[in-house]
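J.: starting from these lines, generate the structure:
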Amino acid sequence: MKIKCGLYDRVSTELQAQFGLSVTTQKEDLYRYAREHGYEVAGFFADEGITARKKLQNRKGFLQLMELVKQDRIDLILVTKLDRWFRNVRDYHNTQAILEAHHCNWKTIYEDYDTSTADGQLKINIMLAVAQNECDRTSERIKVVFDHKFRCGEHITGAAPYGYVTVDKKLQKDPETRSIVEDIFRSYFTCFSKRQTVYHILDTYENHPKRPTSHQILRVLSSEQYAGIYRGRRDYFPAYISPEQLQTLRHTSDTRTYPRTGEPYIFSGLIRCPVCGAVLTGFRKKQSLKDGSVSIYKRYRCSRKYASHPGPCLSETVVESFMLQHLDVPPFMIRAVFQGRRDVRSDKTPTLRGEMHRLNIMYQKNRITEEYYESQYRHLERELKKEETAAAKKTDTCAAPAGQEFFGDWRELYLLLDSRHKNAFWKRMIREITIDKDTHKLKSFS
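T.: Down below sits the predicted model:
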């Protein structure tokens, strides 16, 4: 009967860069060794870009291999070198106990180790201790380097975040994507919805050469780096938003605004259960009327209502009436809200400005002729003027004019809003709506 072996390899990023020992190279050597010795390969498992001092639960390839060992489907494990297998004495002994319980041995193909003798076990322990010490010393040196870079305000590791470029080891705003990142935040603070912001950016910059992915957009809206904060230090590099805006963004994006129907609940994320403190979630309820028609209305309830406690259940119209009756909004806040109201998905001015900027860069780098530059730039200028004119007209129709009307009844302006803009209005104005614990009726708001 052939010996069933599992092949395991781990290559850290630093080792690949320094010595070219890629997973592919070591994989070929492991397979060749197995064939030469007549072993049956049960599987190849690898952890690429993972250091040996990482916790074992972070090494997915290793965990998959150990599952087969526990199922008694592997008799022997082949690795290239001991330090590819372990650099931690404690992890080695814990794993060795599992291997011995399932009668599974291991072997290195570049080195000679024997676990069957006391001298062999001593040699392994000594070499692991040396490898662990070497790894710890390397980690300390890297930490010192990173601390020095941090004190100097340098970008420490990895690629620059979207919207930034590395200049003289420091992050600066990327001229080619700066307008897009600014539009991401402008869009979010208009609608207070990450989903709508993603739609807007993907639609607006569909043909942009550096159009961000949905993942990058969400990363922009969740990372404190865009407020210039890194490791708790403010103004570490140029910021796109203020720390106060970052706090507002985090507060308003804690809960999902849009249900599967695409119709927003205008008080989503603002009402909390008086019993457990959880945010009330919206749902749609159908009711048959006497004339045979069906009425659909929105309500809010605690997600734990039927599981652990009898929480409140409120109609959206009741909450809206309560807020309109008791909210007193200063005129300057009304002006800020309504003057900026427009459908952000239809605004193409950021795209046109980005195209003009990109055209300037291409001309400066002599990648296009002067004739082509002039014709395209004039075309973009005309389109930009049309878009700005259309946007101004649309804003005039959507927003209240500055002046006396702001000091009148703002509720009349509010009733002109659709559900999406009502949601943005309340998220801009209200932090939390509270409910009386005993009566389950609306109590107050902050």
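J.: how about the helices in the stretch 51-200 of the chain?
T.: Assigned helices in the stretch 51-200 of the chain, in chain order: 60-70, 82-85, 89-101, 118-151, 178-191, 194-204 (criterion: DSSP state H, counting those that start in this stretch).
J.: of all those, which one is nearest Val319?
T.: Set against Val319 and scored by C-beta to C-beta, the helices of the stretch 51-200 of the chain come closest in helix 178-191, at 20.1 Å. The C-beta positions use only the backbone N, C-alpha and C, and glycine is treated the same way.
J.: what's the angle between the closest one and helix 194-204?
T.: Calculated by axes from the mean of the first three to the mean of the last three C-alpha atoms, to 10 degrees, helix 178-191 forms an angle of 140 degrees with helix 194-204.
J.: now what about helix 178-191, what contacts it?
T.: Under the criterion C-beta atoms under 8 Å, 6 or more residues apart in numbering, residues 162-163, 173, 194, 196-197, 200-201, 204-205, 208, 210-212, 217, 220-221, 226, 240-241, 245, 248-249, 340-342, 344, 350, 353-354, 357, 420-421, 423-424 lie in contact with helix 178-191.
J.: can you pull out the low-pLDDT segments for the stretch 301-446 of the chain?
T.: Within the stretch 301-446 of the chain, the stretches with pLDDT under 70 are 305-308, 330-351, 354, 390-408.
J.: in helices, which of the contacts of helix 178-191 fall?
T.: Using DSSP state H, the subset of the contacts of helix 178-191 located in helices is 194, 196-197, 200-201, 204, 217, 220, 245, 248-249, 350, 353-354, 357, 420-421, 423-424.
J.: whichever of these end up buried, select them in PyMOL.
T.: A single PyMOL command selects the buried members of these (16 or more other C-beta atoms under 10 Å):
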select buried, resi 194+196+197+200+201+204+217+220+245+248+249+350+353+354+420+421+423+424
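J.: where does Ile296 land in three-state SS?
T.: Three-state call for Ile296 (DSSP: H, G, I helix; E, B strand; the rest coil): strand.
J.: quickly note the distance from Met323 to Ser444.
T.: 11 Å (C-beta to C-beta, to the nearest Å).
J.: equivalent analysis for Glu371, please.
T.: 67 Å.
J.: burial count for Val319?
T.: By other C-beta atoms under 10 Å, 24 other residues sit near Val319.
J.: and it, that one's in a helix?
T.: Yes - looking at Val319 with three-state DSSP, it is inside a helix.
J.: surely it is in contact with Phe267?
T.: Yes - the criterion here is C-beta atoms under 8 Å, and Val319 meets it with Phe267 at 5.5 Å.
J.: joint contacts of these two?
T.: Joint contacts of Val319 and Phe267 (C-beta under 8 Å, 6+ apart) are Tyr300, Ile433.
J.: okay, now the domains of the chain?
T.: 4-138, 172-253, 331-445 (automatic domain parsing).
J.: can I get the ones you listed in a markdown table including distance to Val275?
T.: Shown next, in a markdown table, are the domains of the chain (distance: least, C-beta to C-beta, whole Å):
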| stretch | distance to Val275 |
| --- | --- |
| domain 4-138 | 36 |
| domain 172-253 | 22 |
| domain 331-445 | 7 |
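J.: more neighbours, Glu371 and Ser444?
T.: Just comparing Glu371 and Ser444: by other C-beta under 10 Å the higher neighbour count belongs to Ser444, 11 against 8.
J.: secondary structure element holding the nearest residue to that one once chain neighbours are set aside?
T.: Residue nearest to Ser444 in three dimensions, not counting chain neighbours: Thr434, with 5.2 Å by C-beta to C-beta, 6 or more residues apart in numbering. Using DSSP states H and E, Thr434 sits within strand 433-435.
J.: in its sheet, what does the helix or strand just after that strand sit against?
T.: Next helix or strand after strand 433-435 toward the C-terminus (DSSP H and E): strand 442-445. Using DSSP bridges, strand 442-445 pairs in its sheet with strand 433-435 (antiparallel).
J.: neighbouring contacts of the strand it pairs with?
T.: Strand 433-435 is contacted from outside by 267, 270-274, 312, 314, 319, 323, 441-446, using C-beta under 8 Å, 6+ apart.
J.: Pro161 - how many residues pack around it?
T.: Pro161: 18 neighbours (other C-beta under 10 Å).
J.: same check on the one 10 residues further on?
T.: Leu171 sits with 21 neighbouring residues when counted by other C-beta under 10 Å.
J.: for it, give me its contacts.
T.: Contact analysis of Leu171 by C-beta under 8 Å, 6+ apart lists His155, Ala160, Pro161, Tyr164, Val165, Phe237, Pro238.
J.: okay, the nearest residue to it once chain neighbours are set aside and Ala227: tell me how far apart.
T.: Among residues not flanking Leu171 along the chain, Phe237 sits closest, at 4.1 Å (C-beta to C-beta, 6+ apart). In this view, Phe237 and Ala227 are 10 Å apart by C-beta to C-beta.
J.: same check, this time on Ser375
T.: The value you get for Ser375 to Ala227, if C-beta to C-beta is used, is 41 Å.
J.: neighbour-wise, which of the two wins?
T.: Ala227 (20 against 11).
J.: and the nearest residue to that one once chain neighbours are set aside, how many neighbours?
T.: Nearest residue to Ala227, sequence neighbours excluded (C-beta to C-beta, 6+ apart): Leu246, at 4.1 Å. Burial of Leu246 is recorded as 22 neighbouring residues (other C-beta under 10 Å).
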